[in-house]
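K.L.:
Model the following, please.
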Amino acid sequence: PGSARAEVDAARAKDRAAAAAAVAEVRSPRQQPPPQATEPLSTAKLLLRTCVECKGYCVVVSEMCSPDQPLVYINPGFEDLTGYTPAEAIGHNCRFLQSNLTDPGAIMLLKWSIASKVACRIQLLNVTRGGRCFWNLLSMHPCIESSGRADYFLGVQCEMEVTELAAVMVEVHAWQRAVHGIGD
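P.N.:
Numbering: from 1, shown residues only. Predicted structure coming up:
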């Protein structure tokens, strides 16, 4: 039994090292020196790096098999939106963006999504490093391996404008009326 556990631990350590190496390959030039001219990026790596570097939305990766599920990667868009640098954010659970105004129901949905290894998309009221509240549209996706393990979750976040949020609320209200007869 002890050797089987050691094999599992060794396999997970190898997986984490491989994931860290893959992330390091696509990190933005701000976080890693650009490739040498003699080392052209493949089209797939170039597309992936372009997606990850986009400042229009935040990309984060959390390690779910570690205690407290810390962030292991953030893109420049995360720092632009939240004000937290990689040194301040990496190694910490993303809940530091929450406040007493964050909806407990949304937090429960996140916990359920993680425990169930399913994707979710929710709106959260979060707070920047400077104390500004913002509506965060969060899409979380498990990175499920062939073994069924989901050691990492990918999070894509973007700030919702108040007008966008109002449109969502109108849709929710219309859905509630249609499904439950509310407001008739």
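K.L.:
Okay, and the beta partners of the spatially most central residue of the chain?
P.N.:
The C-alpha lying nearest the average C-alpha coordinate of the chain belongs to residue 155 (CA atoms, centre = their mean; 1.8 Å). Taking DSSP bridges, one obtains residue 60, residue 140 as the residues bridged to residue 155.
K.L.:
Would you mind listing the residues in contact with it?
P.N.:
58-62, 94, 138-141 (CB atoms under 8 Å, 6 or more residues apart in numbering). (Glycine included, C-beta is placed from N, CA and C.)
K.L.:
Kindly report the same for residue 129.
P.N.:
If a contact means CB under 8 Å, 6+ apart, then residue 129 has 82-84, 88 as its contacts.
K.L.:
Now go through these and say which are in helices.
P.N.:
Per DSSP state H, helices hold the following members of the contacts of residue 129: 82, 88.
K.L.:
Could I get the contacts of residue 129 in JSON lines, plus columns for neighbour count and pLDDT?
P.N.:
Written out in JSON lines, the entries for the contacts of residue 129 read as follows (neighbours: other CB atoms under 10 Å; pLDDT from 0 to 100):
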{"residue": "82", "neighbour count": "26", "pLDDT": "95"}
{"residue": "83", "neighbour count": "15", "pLDDT": "96"}
{"residue": "84", "neighbour count": "19", "pLDDT": "96"}
{"residue": "88", "neighbour count": "14", "pLDDT": "96"}
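K.L.:
picking up where we left off before, what's the separation between the residue nearest to the centre of the chain and residue 120?
P.N.:
Separation of residue 155 from residue 120 (CB to CB, to the nearest Å): 10 Å.
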